[in-house]
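Colleague: need a structure here:
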Amino acid sequence: MMLVLSLCYLGIVAIAIYLSSKIEDEVFKVGLVITALTFSLVILICAPWTIKLVVAAISSALGSISIKDLPF
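Modeller: The predicted model follows:
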């Protein structure tokens, strides 16, 4: 049950980050970023260890990729 809830929260975070990158209005951007941060903290507190490890692995993998390494 908690895994499904964590995946829903992760979806909300992804949608909030995507919309904040597309919207021009600063007030909505701030609201969406606060929403994304809030749900990210909820995920990190309530999620099972598998979700925490996946989030940590994705973050470290994206952090290690350099712009120069990309093929385009």
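Colleague: how far away is Val42 from Ser6?
Modeller: 9 Å (CB to CB, to the nearest Å). Placement of C-beta: from N, CA and C, glycine included.
Colleague: Which strands or helices does the lowest-mean-pLDDT helix or strand in the chain pack on?
Modeller: Ranked by mean pLDDT, DSSP states H and E, the helix or strand of the chain with the weakest confidence is helix 49-64, at a mean of 72. Applying 3 or more CB pairs under 8 Å, 6 or more residues apart in numbering; DSSP states H and E, one finds that helix 49-64 contacts helix 2-22, helix 26-46.
Colleague: got a list of contacts for the first one?
Modeller: When you say that, I think you mean helix 2-22. 28-29, 32-33, 35-36, 39-40, 42-43, 46-48, 50-51 (CB atoms under 8 Å, 6 or more residues apart in numbering).
Colleague: now for these, which pair is the farthest apart?
Modeller: Phe28 and Thr50 (33.0 Å; CB to CB).
Colleague: right, and Lys29 touches Ile23 too?
Modeller: Yes: using CB atoms under 8 Å, Lys29 makes contact with Ile23 at a distance of 5.8 Å.
Colleague: Point out where the protein drops to low pLDDT.
Modeller: Within the chain, the stretches with pLDDT under 70 are 1, 59, 62-72.
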